[in-house]
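>>> Generate coordinates for the sequence data below:
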Amino acid sequence: MNALAIPQALIECHELTCAYDGAVAVDDVSMAVRRGDFVGVVGPSGSGKTTLLKAILGSVQPASGHVHRTQNLKMAYVPQVESVDWNFPVTVLETVVMTRTRNGWWSRMTKEERDQAERVLRRLGLVDVSARHIRELSGGQQQRVFIARALFHRPELLVLDEPTSGVDVRTRHEVLHLLADLHDEGLSIVLTTHDLNGLAAHLPRVVCINRRIVADGSPREVLTPAVLEQTYGAAMEVLIHGGMPVVLESGADHVARRLSKLTTS
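Numbers count the residues shown, from 1 in each chain. The predicted model follows:
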């Protein structure tokens, strides 16, 4: 492959180490996020997933190593929904335009800003609920509102922290399909997730991390018993069903036998 065929690196982490009060959260991490990537970062709680996202965004400074961002890179961040105050008195439309900095988000929005916000809401199927309070929405709608908020400024890279945490199966599928559509339209995406089967197994690239990067590749390459045990510190079984890896906790023998029959029938 010639150099011209390699997608541009939007983010490059070089020997990145981050620490809080002397406790290392991310240790000697080197990885790149290229234009057109759709990357899922997986690992146990406390493995450094969120810290890695914050280092990519620039809100956490490295203890050593560095993060290089392509010049004038436009990034947008979607936090975990558990961190949102759903009682804050704000509508869907107001939530989307809160990211603007001109004279503060509370100032009167311009026609251009309203038109842009409504285009994003329409794209995400939310324009009909734009005047509703965010707490009145379903879980799937709430997650889409914050994705709309991130898309308001037309980012090149979308960064999401646990976008399917605490949601039901239907909402998880809605979020997955939405992100896949956005990626197909050219948006580069990096997200963290605990959801190995519902989300990570459907992504083109998965990075396993436990302070250090354990593996980086396609789901078939990365979601293996050896890699998962090294990442999570516990034995897991992996079966291939419908061409996709299915991760089982060790001891789920009855489930493994049933899925094994399905894959060989």
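>>> Please enumerate the helices of the stretch 101-250 of the chain.
In the stretch 101-250 of the chain, the helices defined using DSSP state H, counting those that start in this stretch lie at 111-123, 139-151, 169-184, 219-222, 225-232.
>>> list the helices and strands the third one packs on?
Going back to what we said before, that points to helix 169-184. The elements that helix 169-184 packs onto, with contact taken as 3 or more C-beta pairs under 8 Å, 6 or more residues apart in numbering; DSSP states H and E, are strand 38-42, helix 139-151, strand 157-161, strand 188-193. In this view, the C-beta of every residue, glycine as well, is placed from N, C-alpha and C.
>>> got any ranges where the stretch 1-150 of the chain has weak pLDDT?
Under the criterion of pLDDT under 70, the regions of the stretch 1-150 of the chain flagged as low confidence span 1-5, 100-107.
>>> Now do stretch 32-40: everything it contacts.
By C-beta atoms under 8 Å, 6 or more residues apart in numbering, the residues outside stretch 32-40 that reach it are 6-13, 56, 156-157, 179-180, 183, 186, 188-193, 199-200, 203-207.
>>> Next, report how far that stretch is displaced from the centre of its chain.
Centroid displacement of stretch 32-40 relative to its chain, using C-alpha atoms, centre = their mean, to the nearest Å, is 11 Å.
>>> likewise stretch 237-244?
Computed by C-alpha atoms, centre = their mean, the chain-centroid distance of stretch 237-244 equals 23 Å.
>>> Next: stretch 115-135.
With C-alpha atoms, centre = their mean as the basis, the distance from the averaged C-alpha position of stretch 115-135 to the chain average is 21 Å.
>>> With stretch 231-241 instead?
For stretch 231-241, the gap between its own C-alpha mean and the chain's C-alpha mean amounts to 21 Å (C-alpha atoms, centre = their mean).
>>> what do you get for stretch 180-197?
The answer for stretch 180-197 is 6 Å, by C-alpha atoms, centre = their mean.
>>> Give the partner strands of the stretch of helix or strand V24 belongs to in its sheet and their orientations.
Using DSSP states H and E, V24 sits in strand 23-34. Strand partners for strand 23-34, identified by DSSP bridges, are recorded as strand 9-20 (antiparallel).
>>> Need the contact partners of the strand it pairs with.
If you take C-beta under 8 Å, 6+ apart as the criterion, strand 9-20 is touched by 24-35, 37, 48, 51-52, 55-56, 60-70, 73, 156-157, 188, 190.
>>> and it with strand 188-193, angle?
Comparing the axes of strand 9-20 and strand 188-193 via axes from the mean of the first three to the mean of the last three C-alpha atoms, to 10 degrees yields an angle of 30 degrees.
>>> Please consider this matter closed, and thank you.
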